[in-house]
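Student: sequence below, structure please.
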Amino acid sequence: MLRKKFWFSITLMMVFAALMMAGCGSKETTTPAPADPPKTNGDAGKSEPGKTASKTLEDIQKRGKLVVGVKYDTKLFGLKDPGTGKVEGFDIDMAKALAKKILGDENKVELKEVTSKTRIPLLKNGDIDMIIATMTITEERKQEVDFSDVYFKAGQSLLVKKGSPIQSVTDVKKGVKVLAVKGSTSTDNIRKKSPDATVLEFENYQEAFTALKAGQGDALTTDNAILYGMMKQDPNYQVVGGTFTDEPYGMAIRKGDTGFVTYVNDFLKAMKASGEYDKTYEKWIGEKPAP
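Tutor: All right, here's what the predicted structure looks like:
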């Protein structure tokens, strides 16, 4: 009897052990997912495509309006009609196109007058979202603002009355009075190119052009694109000597808002790819942009 009980117990233990092993073998083996690779310095600050943070863009969308600093005195780029109060030009159309991109309506843009002297302070103070105002990209200005890609290529030249003995910058010597605008790169450039000439500075381009026509100076200097606008206003004046500098225009954005810089650059690329940029350029400048 004891032997039977003994063997019965042994059999039960063997069956129980077999059942335990079978149960363990039926479980699926799960391999842990590999850990995400560590971020490198090159990944720092990167966001998913289309999700780059921009405080400026968020403010514009919440406000429902894009506020842009533009010129009111620069024919072809930003000129205010005193009769109608309407501001028109290449820069104005670029601002409207960006407003349409952001808010779906080109009329959801507020144009605020700036000059070469006031535009950066107004941007820094938050009075405007950006600057589209014939602003040349320079290393010095990059210390204060961020720039978009180049949206217009210009070069500095001279405007003189027809028949003037001044035909190029080499004729700007001692005794010659050159008119320029305060805060512009043109003022610095002409002083470097013609250190013996007298440079008279004015608040804006219309004041400078009025002074030239009044005989207060012998030549007016700034970007050729702006001078062509003055020449259209008064055919008694002409642009001479070609260009003696490169003046690439950029849209200025508050320092550090890289998200908005990226957004604006993407906007410019899309505008050029669609042909809209060329149409706008030809509308105001009278010819297609150089390749």
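Student: could you use CA atoms for every contact and neighbour count after this?
Tutor: Will do.
Student: okay, now the domains of this structure?
Tutor: Domain assignment for the chain by automatic domain parsing gives 55-153+247-285, 156-240.
Student: turn these into a markdown table, including distance to residue 291 and mean pLDDT.
Tutor: Formatted as a markdown table, those follow (distance: least, Cα to Cα, whole Å; pLDDT from 0 to 100):
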| stretch | distance to residue 291 | mean pLDDT |
| --- | --- | --- |
| domain 55-153+247-285 | 10 | 96 |
| domain 156-240 | 17 | 95 |
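Student: would you format the ones you listed as JSON lines with mean neighbour count included?
Tutor: What follows is the domains of the chain, written out as JSON lines (neighbours: other Cα atoms under 10 Å):
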{"stretch": "domain 55-153+247-285", "mean neighbour count": "19"}
{"stretch": "domain 156-240", "mean neighbour count": "19"}
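Student: strands along this protein, start to end?
Tutor: Ranges of strands within the chain are 66-70, 73-74, 78-80, 87-88, 109-113, 130-131, 145-154, 156-161, 177-181, 198-202, 219-223, 237-240, 247-254, based on DSSP state E.
Student: the longest one to strand 247-254, inter-axis angle?
Tutor: Using axes from the mean of the first three to the mean of the last three Cα atoms, to 10 degrees, one finds that strand 145-154 and strand 247-254 are set 150 degrees apart in direction.
Student: sheet partners, orientation included, of strand 145-154?
Tutor: Here strand 145-154 is paired, per DSSP bridges, with strand 247-254 (antiparallel).
Student: cool, the first one as well?
Tutor: Paired strands of strand 66-70, with direction, are strand 109-113 (parallel), strand 130-131 (parallel) (DSSP bridges).
Student: contacts for that strand?
Tutor: 60, 78, 91-92, 95, 99, 108-115, 119, 128-133 (Cα atoms under 8 Å, 6 or more residues apart in numbering).
Student: again, 6 Å this time
Tutor: By Cα atoms under 6 Å, 6 or more residues apart in numbering, the surrounding residues in contact with strand 66-70 are 60, 109-114, 128-133.
Student: for the fourth one, same thing?
Tutor: Surrounding strand 87-88, the residues in contact under the criterion Cα under 6 Å, 6+ apart are 78, 79, 80.
Student: if we use 7 Å, what do you get?
Tutor: Strand 87-88 is contacted from outside by 72, 78, 79, 80, 81, using Cα atoms under 7 Å, 6 or more residues apart in numbering.
Student: same question for the second one.
Tutor: Residues external to strand 73-74 that are found in contact with it (Cα under 7 Å, 6+ apart): 79, 80, 204, 205, 206, 226.
Student: how about a cut-off of 10 Å?
Tutor: With Cα atoms under 10 Å, 6 or more residues apart in numbering as the test, strand 73-74 has contacts from 79-81, 87-89, 91, 113-115, 133-134, 204-207, 225-227, 229-230.
Student: quick revisit: okay, the contacts of strand 87-88 in a markdown table with distance to residue 174 next?
Tutor: Putting these into a markdown table (distance: Cα to Cα, whole Å) gives the following:
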| residue | distance to residue 174 |
| --- | --- |
| 72 | 33 |
| 78 | 34 |
| 79 | 34 |
| 80 | 36 |
| 81 | 38 |
